[in-house]
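Trainee: here's my sequence, what's the structure:
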Amino acid sequence: TSTRDKMNINEKEFNCYMQNVVEKNQTPLLCFYVNQATEKVHLMSDSESFKQIRESNAILEIENILNRTVERRKKLNFSNLIFDEDEQSCQGGLHKCHLPPPKFQLSWEKSNLCYLKERKPMPVDARFAKLPPEILRNIFRFLKPEPDLKNMLLVSKYWKSVTEDPLIWAGFEIPVKCRENEQNLQRFFEGNLFSKVQHLVLHGYHFKLNDGHFEKFLSLDIAEITINNIDLTSVPDELFAKLVNSCKECEIRLHWSQPFLKANKWIAIFDVMRKETKLKTFALSWASSTGFIHLSHIPTDILAQAFSRLESLSLNRVQFGENQLKTICETLTRSSNLKYLELKDLDPESDLVSMNLLDAVLTNLRGFSYEPSVLNNPAERLMELVDKSCKLKSLKLDNFNLIEVPPKLLARAFNKLECLDLVSGVAMCEEQTKEVFRVMSSGTCLKKLDFIDFIDHIEKVDPLILAKALNNLEILRVDLRPPITLPQILAIFKQLNVKTRIKAILRDPPEENYDRPNYDQDDEILYL
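Mentor: Presented below is the predicted three-dimensional model:
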């Protein structure tokens with residue numbers, strides 16, 4: 001039909017002049033039409049039949065017959081509707097004539113069509129030549145740095161320019177074999193993949209790092225550095241501090257068995273940080289349930305000015321000196337870039353002071369994560385601060401007792417946020433839970449609520465109220481498992497079909513050897 005339309009002939013005329021000229025097992029493979037007005041002969045075939053004809057010499061016999069029988073054979077011209085219509089696109093590498101040449105070719109095809117053997121070879125990557133770089137970047141991000149991305153750099157200049165994007169190499173670390181053997185590390189320094197390292201891990205080296213290694217590390221444009229249990233006594237303090245402050249994110253994990261960072265290195269880190277740093281995120285944690293990271297030996301003004309230059313600060317089991325935290329909070333209140341703060345299991349004395357000082361700090365924060373120490377649990381005070389804060393959008397609580405907080409205050413504070421994460425160990429009474437979801441069902445600022453399965457007394461909430469509340473969110477992370485009940489699950493999905501703001505429902509993949517909770521038969525069917 002499409003061929004008939006191109007020749008501008010009606011169906012009746014088309015059928016009258018069409019004759020089968022090639023058949024196989026009584027199945028027409030090739031037909032011809034004679035247009036008496038234009039004196040043109042049109043050979044027509046579907047794509048599958050066309051392939052079969054090209055593997056026989058029937059098409060050559062037809063050309064010979066035409067050349068012998070047509071009176072004006074010297075003026076005989078051939079053309080191909082399939083290729084003529086997009087003749088100009090031939091240079092792009094995706095033209096139909098770039099198909100492999102057929103077994104039998106018409107005489108005029110050899111000069112008019114650019115089959116591969118008759119013209120310059122098509123580039124290997126011709127089919128990808130017109131893909132936009134953002135598509136290639138998305139594809140390349142699924143590849144491993146070595147050997148896949150390494151090979152992508154060698155394919156073409158275009159692919160090399162796309163592969164050079166640092167986002168594709170996000171998380172690329174120095175290989176383990178280079179951390180086990182110094183000679184392997186030296187060879188890696190000399191290779192072209194060294195410059196692609198985005199995440200520097202100072203951990204697990206079987207040899208001592210020195211200033212020569214750190215000079216090499218400083219030549220990198222790294223996004224993240226993780227320091228964990230490594231002997232850096234051979235590295236100058238200034239060089240170490242410069243490396244830490246040369247990236248955007250830094251995480252330092254200390255362990256009681258190897259307190260490798262001495263006072264002079266801590267002071268060097270924060271001194272450089274307060275003057276000139278690229279750091280946006282700084283995390284400091286003590287990987288033990290006993291003991292703390294002591295920062296009391298660091299001058300208070302240096303520490304306060306250093307923290308004020310950050311956007312995200314995470315402190316886990318840290319102990320400050322007398323009046324040190326007070327000065328820090330006052331500095332953060334007056335002038336600070338800080339948007340996210342995490343305080344986890346601080347030294348009890350520091351923690352008691354911090355809650356009295358955080359009032360002004362919280363008014364400027366966008367996100368706050370808090371796990372109180374065993375001896376301190378200022379729940380009501382914290383909820384009052386959250387309720388008063390006009391900028392706080394994200395709150396994460398871990399091992400937190402909220403039972404003493406008035407239900408209306410708790411509901412009001414929670415529903416002013418955009419993201420709420422109640423990790424395991426957050427204690428709430430039944431009245432509090434019901435009030436939180438009652439307010440949420442009427443209208444909420446919350447967009448994301450993580451792990452509602454862990455909320456105390458969640459099964460006591462009315463299914464309709466819970467359904468309306470959760471469908472007012474945009475992102476819901478839930479496993480839909482006990483203690484959530486079957487009527488609650490049905491109500492959630494019924495409301496999802498009526499009116500919802502939900503854009504995504506997320507659940508974590510089950511862990512290995514995870515024993516799924518005992519469901520009755522109906523629950524199990526719905527869960528699966």
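
Trainee: OK, contacts around residue 140?
Mentor: If a contact means C-beta atoms under 8 Å, 6 or more residues apart in numbering, then residue 140 has 149, 152, 162-163, 168 as its contacts. Where C-beta positions appear, they are placed from N, C-alpha and C, glycine not excepted.

Trainee: and the gap between the most centrally placed residue in the chain and residue 50?
Mentor: By C-alpha atoms, centre = their mean, the chain has its centre lying nearest to residue 141, at 9.3 Å. To residue 50, residue 141 is 40 Å away according to C-beta to C-beta, to the nearest Å.

Trainee: and if you look at residue 284?
Mentor: The value you get for residue 284 to residue 50, if C-beta to C-beta is used, is 71 Å.

Trainee: repeat for residue 60
Mentor: Counting by C-beta to C-beta, the gap from residue 60 to residue 50 is 15 Å.

Trainee: if you count surrounding residues, which of these two has more?
Mentor: Comparing residue 60 with residue 50 by other C-beta atoms under 10 Å, the one with more neighbours is residue 50, at 16 against 13.

Trainee: retrieve the pLDDT associated with the more buried one.
Mentor: Residue 50 carries a pLDDT value of 71.

Trainee: got phi/psi on it?
Mentor: Backbone dihedrals for residue 50, given as degrees, to the nearest 10, come out at phi -60, psi -40.

Trainee: do you know how far it is from residue 65?
Mentor: In terms of C-beta to C-beta, residue 50 sits 19 Å off from residue 65.

Trainee: likewise residue 411?
Mentor: With C-beta to C-beta as the criterion, residue 411 and residue 65 are 90 Å apart.

Trainee: so those two - more neighbours on which side?
Mentor: Neighbours were counted for residue 411 and for residue 65 using other C-beta under 10 Å; residue 411 has more, 22 against 11.

Trainee: for the host helix or strand of that one, which outside residues touch it?
Mentor: Taking DSSP states H and E as the criterion, residue 411 maps to helix 407-414. Helix 407-414 is contacted from outside by 380, 383-384, 386-387, 395, 402, 420, 428-429, 431-432, 434-436, 438-440, 446, using C-beta under 8 Å, 6+ apart.

Trainee: given the helix or strand just after it, what are its sheet partners and their directions?
Mentor: Downstream of helix 407-414, the first helix or strand assigned by DSSP H and E is strand 419-422. According to DSSP bridges, strand 419-422 forms sheet pairs with strand 394-397 (parallel), strand 448-450 (parallel).

Trainee: any idea how far the longest one is from the chain center?
Mentor: Distance of strand 394-397 from the chain centroid (C-alpha atoms, centre = their mean, to the nearest Å) equals 22 Å.

Trainee: and for the last one?
Mentor: Distance of strand 448-450 from its chain centroid, counting by C-alpha atoms, centre = their mean, is 19 Å.

Trainee: now that strand: average pLDDT?
Mentor: 87.

Trainee: residues in contact with it: which ones?
Mentor: 418-422, 470, 473-477.

Trainee: hang on, the earlier thing: present the strands paired with strand 419-422 as JSON lines; the columns should include distance to residue 481.
Mentor: Shown next, in JSON lines, are those (distance: least, C-beta to C-beta, whole Å):
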{"stretch": "strand 394-397", "distance to residue 481": "21"}
{"stretch": "strand 448-450", "distance to residue 481": "15"}
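
Trainee: so which of these gets nearest residue 322?
Mentor: Counting by C-beta to C-beta, residue 322 lies closest to strand 394-397 out of the strands paired with strand 419-422; the figure is 28.1 Å.

Trainee: residue contacts, the nearest residue to residue 363 once chain neighbours are set aside?
Mentor: Among residues not flanking residue 363 along the chain, residue 389 sits closest, at 5.4 Å (C-beta to C-beta, 6 or more residues apart in numbering). The contact partners of residue 389, taken as C-beta under 8 Å, 6+ apart, are 362-363, 365.

Trainee: do the same with residue 419
Mentor: Applying C-beta under 8 Å, 6+ apart, the residues near residue 419 are 367, 393-395, 446-450.

Trainee: again with residue 217
Mentor: Per C-beta under 8 Å, 6+ apart, neighbours of residue 217: 200, 243.

Trainee: so what pLDDT did it get?
Mentor: Looking at residue 217, the pLDDT reads 93.

Trainee: and it, that's in a helix?
Mentor: Yes: the assignment for residue 217 (DSSP: H, G, I helix; E, B strand; the rest coil) places it in a helix.

Trainee: verify the stated contact: residue 307 with residue 331.
Mentor: Yes: Residue 307 is within contact range of residue 331, at 7.4 Å (criterion: C-beta atoms under 8 Å).

Trainee: quick one: which of those two has more around it?
Mentor: residue 307 (22 against 19).

Trainee: who's in contact with the helix or strand hosting that one?
Mentor: According to DSSP H and E, residue 307 maps onto helix 300-308. The contact list for helix 300-308 (C-beta under 8 Å, 6+ apart) reads 267, 269-271, 273-274, 277, 295, 313, 321, 323-324, 327-328, 330-332, 335-338.
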